[in-house]
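Peer 1: Here's a sequence, model it:
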Amino acid sequence: MRNRITIPGFRALILFWGATLVVLLGGCKQVPTTPCVVTTHTGSIRVDSNPTGAAVWLDEVSKGKVTPALLSDLAPGTHKLTLKKSQDCFQDEERVLVVPEDDTIDIFADLRPAVPVLLEPAPNAVLDNGRTDGKDKIVWDFKWQEVKGATAYQLYVRGQGATAPRISKLVYVSAYHDESGGYIDNANRFNWYWYVCAYIGGRWCSWSAGRIFQVEPVNTDPPSF
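Peer 2: The predicted model follows:
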């Protein structure tokens, strides 16, 4: 009679591994076939100007567009919008604005000509004169409104009927302080004119309107040195 070989626990071992395999297979997760979609919320700016054709910059970066234009897919929040048409002698227009989320804002700008607005001296102001003994200087100060985008200015000052200016000066800020010797004769102290023009976009633009001032009589001030 042939002896039967019995492996103790064989059936139990089979059941154990079978149950383990079921657990492992049940715990597996299916890999998604499409990537996750992240929803972003952006805003837009619709911008126009008078005249049209101004280059559009946002946060100091050119957008490669001219007005009218639509800037879309912008991060919500504060931005700096700049419109530039200096090649046609218009000042830069700057706006700080807040772009809303999931919405569009409309911006319109009337561009200003690049012509300086004169500030000081006021019309018909009486400016300093010197002395016949040469012991006092003539001190004049001129101020005008800054032209946005301008890189230089030309100041021109002359007396009525003069064939040459007393001052013709290239300056890089919107003010000029002048000190000179000598004096202006009483016969020539009336109806002086001053003008300013701006250099912007690689060209000199139009002169401002002239403004008149007068000069005080000679020897009005006491000797200062």
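Peer 1: Could you use CA atoms for every contact and neighbour count after this?
Peer 2: Fine.
Peer 1: Quick check: next helix or strand after the worst-scoring helix or strand of the chain on mean pLDDT?
Peer 2: Within the chain, no helix or strand scores below helix 10-27, which has a mean of 52 by mean pLDDT, DSSP states H and E. Where DSSP states H and E defines the elements, the next helix or strand beyond helix 10-27 is strand 43-50.
Peer 1: how far is the helix or strand following that next one from where the chain is centred?
Peer 2: Going down the chain from strand 43-50, the next helix or strand is strand 55-58, by DSSP H and E. Offset of strand 55-58 from its chain centre (Cα atoms, centre = their mean, to the nearest Å): 10 Å.
Peer 1: Residues touching strand 55-58, excluding its own?
Peer 2: Contacts of strand 55-58 with the rest of the structure, by Cα atoms under 8 Å, 6 or more residues apart in numbering, involve 62-67, 79-85.
Peer 1: In ChimeraX, how would I select the buried members of those?
Peer 2: In ChimeraX, a selection of the buried entries from these looks like this (16 or more other Cα atoms under 10 Å):
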select :66,67,79,81,82,83,84,85
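Peer 1: which two from the contacts of strand 55-58 end up farthest apart in space?
Peer 2: Among these, the pair separated by the greatest distance (Cα to Cα) is 79 and 85, at 19.9 Å.
Peer 1: that older thread, I'd like the contacts of strand 55-58 as a markdown table, with secondary structure appended.
Peer 2: A markdown table is the format used below for the contacts of strand 55-58 (DSSP: H, G, I helix; E, B strand; the rest coil):
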| residue | secondary structure |
| --- | --- |
| 62 | strand |
| 63 | strand |
| 64 | strand |
| 65 | strand |
| 66 | strand |
| 67 | coil |
| 79 | strand |
| 80 | strand |
| 81 | strand |
| 82 | strand |
| 83 | strand |
| 84 | strand |
| 85 | coil |
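Peer 1: Return the member of the contacts of strand 55-58 nearest to residue 43.
Peer 2: Nearest to residue 43 among the contacts of strand 55-58: residue 79, at 11.4 Å, using Cα to Cα.
Peer 1: Bridge partners for the closest one, pull those for me.
Peer 2: For residue 79, the beta-bridge partners under DSSP bridges are residue 97.
Peer 1: if I pick it, what's in contact with it?
Peer 2: Residues near residue 79 by Cα under 8 Å, 6+ apart: 58-59, 96-99.
Peer 1: What's the ChimeraX line that selects buried ones from those residues?
Peer 2: Of these, the buried ones can be selected in ChimeraX as follows, counting by 16+ other Cα under 10 Å:
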select :58,99
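Peer 1: Quickly find the element holding residue 70.
Peer 2: Short version, using DSSP H and E: residue 70 is in strand 69-74.
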